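>>> Here is a sequence with its predicted model. Questions after.
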Amino acid sequence: MAIEEPEDVCEFSSVDDESAFRSVISNQSSGIVMVPEISGHKKQLSLKADAGDFAKWIRVNQPECKVELPKVESLLVLRNSDCWLPLVYLATDVALPVYLNIVSTYIYDKMKGALVGETVRIHLSAMYEDKKAGIVKKFVFTGDREALESAIRKFDVNEFMNDGRS
């Protein structure tokens, strides 16, 4: 039996219903807002597993970046070594490349205590407003740290900010 390696995902899409994003961002003029998502068989709002640790890490290591972590009744707990970061809304002062670099540094710090040869898959998504196109976009990534660093290096800010992709 062959074991298939999971595929990396790095994609952008337009957001059809941007009302939740606009509502939160209108009250949050700066920083990163971590957002609970509907999950589980009870279909309740919960934050992904690494939300609290990631918020604490940002507050300590990137104090100039404001981070909002809402109180929720449930936290999605996963039983593997993957890093599941919550959906975030990026205010206008935090560009996607900046956020991705924060994530990369967080993963680097987190992996300092890992066993030799241990790898972590990262799952993240971020919503932000493309000011030039006047639309809200969503970025979704799944992959290992090397794939994230590769995505960051290939990231062409000018193309990204000027494109009309959906």
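Thanks, I have the structure now.
>>> could you point out the longest helix in the chain?
helix 96-111 (DSSP state H).
>>> Return the set of buried residues in that helix.
Leu96, Tyr99, Leu100, Asn101, Ile102, Val103, Ser104, Tyr106, Ile107, Lys110 (16 or more other CB atoms under 10 Å). Quick note: C-beta positions are derived from backbone N, CA and C, even for glycine.
>>> Which of those residues sits closest to Trp57?
Tyr106 (5.2 Å; CB to CB).
>>> If the residue lying closest to Asp130 once chain neighbours are set aside is in a bridge, with which residues?
Residue nearest to Asp130 in three dimensions, not counting chain neighbours: Lys137, with 5.2 Å by CB to CB, 6 or more residues apart in numbering. Listed by DSSP bridges, the beta-bridge partners for Lys137 are Ser14, Tyr128.
>>> what's around Lys137, how many residues?
Residue crowding around Lys137 was assessed by other CB atoms under 10 Å; the count is 21.
>>> Rounded mean pLDDT for the longest helix of the chain, please.
Taken as a whole, helix 96-111 has a mean pLDDT of 91.
>>> before we move on, what about stretch 31-51?
Per-residue scores along stretch 31-51 average to 85.
>>> Fine, thanks again, bye for now.
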